[in-house]
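Colleague: Turn this into a structure:
(one chain, ligands or ions: 1)
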Amino acid sequence: MELVLASRNPHKVRELGALLKPHELVPLPADIELPPETGETFEENARLKAEAAAHATGSPTIADDSGIEAAALGGRPGVRSARFAGEDASDEENLEKLIHDVPRDGDRRVAYVCVLVFATPAGDRHAVEGRCEGTLAEEPRGSGGFGYDPAFVPIDYSDGRTMAELSQEEKDAISHRGRAARLMLDWLAERDEAAA
Ligand code: IMP
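Modeller: Numbering: from 1, shown residues only. As a prediction, the model looks like this:
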């Protein structure tokens, strides 16, 4: 199925494009504005984006909202991960703030969360959530991935590498986005079967 992706983050477009195969992800047309991320939950934000894109394009859409939760910060930055160090903060500034704010001798647990929402102009909706648990490294390491990846050490591999030190395939196998995408693929397949 052709799905419009309600995102302009090139990293997400690349990761989701590979993860949602054989469906074809089409970038959001440049003239369509996405609503501001005003929701208090990942699902609310993803739903707002998916519905706006489905309405504006007349096509089925997928939207993603994701972020990182730090146990020592009561789950922050959560839905504010992209703006943690300020409205126009860079990935590096957000990462630096997280490493600074999580106490060195405190609870170092972090989790990545990704909610994907499928929406059609006719009003079909489906949301799935993927999580990836890890710990926060004291210093950034590695050059792959994006965002908080250089300081996120997933529990799924025992060698202590950060997400930014994994290959794309290794990241996809365990990441929040990979897990959410596989749940969405299963649901889309069931939906197709039910319609056949
Ligand atoms: P969104 O565009 O509002 O969903 O923002 C997501 C935020 O979480 C951005 O700051 C990203 O850097 C961060 N984030 C989400 N997924 C990942 C990931 O896979 N790796 C690193 N950072 C991520």
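Colleague: Identify the residue of this protein closest to the ligand, quick one.
Modeller: For the chain and the ligand, the shortest gap (Cβ to the nearest ligand atom) falls at Gly147, measuring 2.3 Å. C-beta coordinates here come from the backbone N, C-alpha and C atoms, glycine included.
Colleague: What sits closest to that residue if chain neighbours are left out?
Modeller: Take Gly147 and drop its neighbours on the chain: the residue closest to it by Cβ to Cβ, 6 or more residues apart in numbering is Asp91, 5.0 Å away.
Colleague: Check Ala119 too.
Modeller: Ala50 (3.8 Å).
Colleague: quick one: contacts for that neighbour?
Modeller: By Cβ atoms under 8 Å, 6 or more residues apart in numbering, the contact list for Ala50 reads Ala6, Thr61, Ile62, Ala63, Val117, Phe118, Ala119, Arg125.
Colleague: switch to 6 Å and redo it
Modeller: Taking Cβ atoms under 6 Å, 6 or more residues apart in numbering, we find Ala50 in contact with Ala6, Thr61, Ala63, Val117, Ala119.
Colleague: do you know how far the first one is from Leu20?
Modeller: Between Ala6 and Leu20 the distance is 13 Å, computed by Cβ to Cβ, to the nearest Å.
Colleague: And the two? Which one has more around it.
Modeller: Under the neighbour definition other Cβ atoms under 10 Å, Ala6 and Leu20 were set side by side, and Ala6 has more, 27 against 21.
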